[in-house]
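Enquirer: Got a predicted structure here, sequence first:
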Amino acid sequence: MSKNQNKTGSYSFFNCIEKNFDKAARFISIEKGLLEQIKACNSVYRMHFPVKIGKEIKVIEAYRVQHSHHKLPCKGGIRYSMKVNQDEVMTLAALMTYKCAIVDVPFGGAKGGIKIDPQTISSENIEKITRRYTSELIKKNFIGPGIDVPAPDYGTGEREMSWIFDTFLSLRSGDVDALACVTGKPVSQGGVRGRKEATGLGVFYGIRELCHVKEDMYSVGLDVGLVGKKIIIQGLGNVGYHAASFFHESGAIIIALAEREGAIYNEKGLNVSKVFLHLKNNGSILNFPEATNIENTEKALELKCDILIPAALENVIHKNNANRIKAKIIGEAANGPITPEADEILDKKGVIIVPDIYLNAGGVTVSYFEWLKNLSHVRYGRMEKKFRENVNAEFLKVIETVCKKKISIEEKKMILRGPREIDLVRSGLEDTMINGFHKIRDLKKSLKIENMRTAAFVLSINKIIDSYEKLGIFP
Ligand code: GLU
C-alpha cells in the first residue's frame, strides 16, 4: 500500500492530488521540506451556522480552504452540493493553486463549499444561506479583494456572487475596491463580459490547440484539426454547456451528451442548440427526437469516440470503467474526473489526457481579468477603442490611396472596429490557453516526462518555487 492510500487501500481525493504531485516531484531537485510546504493546505475554515428555513432552524455545514498563500489574494470558487466535505474542498483548493500557477494568474488557491442541495431550497433561503456564509467569512477575515476572492463553481453562479458582493459591501462600506471581493458577478454589477462562458471556451481552445499538433494526433491515429472529430460531453452545467456549443460551432461532431438522468446519442451528430432548447422545455435531455436514449448515463463515457470531455464532478473515470473507455483523448473540463488508478490504466492504453489544472483554467483566468477591471475601476477597451478606430481609419486611407481601390462599407466596418471588452477578454483567454498548452508540451518533451498531467504539475511547482524564491522565503 502506498503512503497516499488510506487504511482501506483506496485514495482520498486529496491523496489523489498528492500522488500526482509526488510523480512530478521526481523531476524537481529541491529540498523535500519545501515540496511538503507547497503541497500542504495552509488554512481550513470549517463552520456551522444556523439558518431559519420555514419554521425550523437548520444547521448549515460550510467550508473555506486557502491552500496556498505564496501569492495573494487566494482565489477559487464556492460549491453548493450535498457532497461537499472537507477532503473535497481541500483538494479543489489545492487544484486552484496549481491551476493559477500554470496560467500565470497571480493568486494562491482556495475553495469554498456549502453542504446544501440548491435544487431543493427556495431562492430566498439560498440567499439567506449565502449572505450568512459571507458574513462568517468577513468575521474571520477570509474574504476581501487582497485576501481571498470567491467565484462560481458547481451549484453557484452570478446570482450568488452578487449576494456575496452586496453583503461584503454592506459590512465594509467605504472600501473603494469592494467590487473586487468576488468574481463571476453579473456584468451590471461589475462583472466582466465573457466570464460566464470562460471555462468552456478555455476547454475548447486547449483541445483545439492539441488537435493542431500533428505529432500528437498521429500518435493516437487521428487526423490534424478539430473538424469532424467525434466528441462526447458529460455534464451540461455552465462548463459542459458552453464547451459543447463551441465544439459544435467549430465543426466537431457531438455524438453524445450525458446528464445525471441519462444520456443521448446520435452517431451522425447532435444539434447542440436544439438539444439545449429541448432540455429547457422538458427539464431533461432524454427523449430528444433526433437521438437514442442511454438510460445508464455512465455507459455514455464508454462509447467509441475521439474526444471525451468529463465536465461534471470528480472521480467519474475510475479503475472499474477505465479499461472500457474508448476515447483517444480525454479533456478534463471537470476538476479531478479521473482517479489515479484509472490514470495509470489510460496511460498504458496511450490515451492523451489533457489535465484539469491546465484545461479548465479559463474560468480563473477571466476571473483575474474581472478582478483587475474592478481594481482599475475602468471597463476594458474604454481607453483604446476610439483611438484604435482612428488609427485604423488613417491606415485604411493610406492603403486605399496606394492601391487606388475603395473597399465596401461592410469591409470597412470590420477593419475599422476598435476592441470591445469581450474581444479583449476572449483574446487574452485564447492567448493564455495556447501558451499554457505549449509550455506543458515543451517541458514534457525536454524532460521526457511520461504524460501531460505530470508535466503540468512540474511546470506549476517550478513556478510556485520561483515565487517563493522571489519573496525570499525559500533559501
Ligand atoms: N470555480 C472555477 C474553477 O474551479 C473558477 C474559479 C475562479 O474563477 O476563481 O476553476
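Expert: Perfect, thanks for sending it.
Enquirer: Quick check: buried residues in the helix or strand hosting Ile422?
Expert: Here Ile422 sits within helix 421-446, counting by DSSP states H and E. Residues of helix 421-446 classed as buried by neighbour count (16 or more other CB atoms under 10 Å): 421, 423-426, 428-430, 432-433, 436-437, 439-441, 443-444. The way it works is simple: take the backbone N, C-alpha and C, and place the C-beta from them, glycine included.
Enquirer: Can I take it that Ile464 is in a strand?
Expert: No. Ile464 is assigned helix when assessed by DSSP: H, G, I helix; E, B strand; the rest coil, not a strand.
Enquirer: Contact partners for it?
Expert: Neighbour list for Ile464: Ile38, Ser68, His70, Thr97, Ala101 [criterion: CB atoms under 8 Å, 6 or more residues apart in numbering].
Enquirer: Quick check on the third one: phi, psi?
Expert: Going back to what we said before, that points to His70. When read as degrees, to the nearest 10, the backbone of His70 gives phi -70, psi -20.
Enquirer: Make sure it is actually in contact with Ser467.
Expert: Yes. Judged on CB atoms under 8 Å, His70 makes contact with Ser467 at a distance of 5.3 Å.
Enquirer: And the two? Which one has more around it.
Expert: Between His70 and Ser467, counted using other CB atoms under 10 Å, His70 has the larger neighbour count: 26 against 16.
Enquirer: Now do the contacts for the more buried one.
Expert: Here His70 is in contact with Ile38, Thr97, Gly108, Ile464, Ser467, Tyr468, Leu471, Ile473 (CB under 8 Å, 6+ apart).
Enquirer: most neighbours, which of these?
Expert: The most neighbours of any of the contacts of His70, using other CB under 10 Å, belong to Thr97, which has 32 neighbours.
Enquirer: Tell me how many other residues surround the closest residue to that one other than its chain neighbours.
Expert: Once flanking residues are discounted, Thr97 sits nearest to Gly109: 3.0 Å by CB to CB, 6 or more residues apart in numbering. As a burial measure, Gly109 scores 29 neighbours (other CB under 10 Å).
Enquirer: For the protein, which residue occupies the most central location?
Expert: With distances taken as CA atoms, centre = their mean, the residue of the chain nearest its centroid is Asn360 (3.2 Å).
Enquirer: what's near enough to touch it?
Expert: Asn360 touches Lys99, Thr199, Gly202, Val203, Val239, Glu332, Ala333, Ala334, Asn335, counting by CB under 8 Å, 6+ apart.
Enquirer: again, 6 Å this time
Expert: Asn360 is in contact with Thr199, Ala333, counting by CB atoms under 6 Å, 6 or more residues apart in numbering.
Enquirer: Could you number the chain from 38 rather than 1 from now on?
Expert: Happy to do that; since the first residue is 38 now, the last one works out to Asn397.
Enquirer: In this protein, which residue sits nearest the ligand?
Expert: Going by CB to the nearest ligand atom, the ligand is nearest to Gly114 of the chain, at 2.6 Å.
Enquirer: about what we covered before: so how far is the helix holding Ile459 off the chain centroid?
Expert: Relative to its chain's centre, helix 458-483 lies at 14 Å (CA atoms, centre = their mean, to the nearest Å).
Enquirer: Run through the neighbouring helices and strands of it.
Expert: Under the contact definition 3 or more CB pairs under 6 Å, 6 or more residues apart in numbering; DSSP states H and E, helix 458-483 sits against helix 235-248, helix 399-413, helix 489-508.
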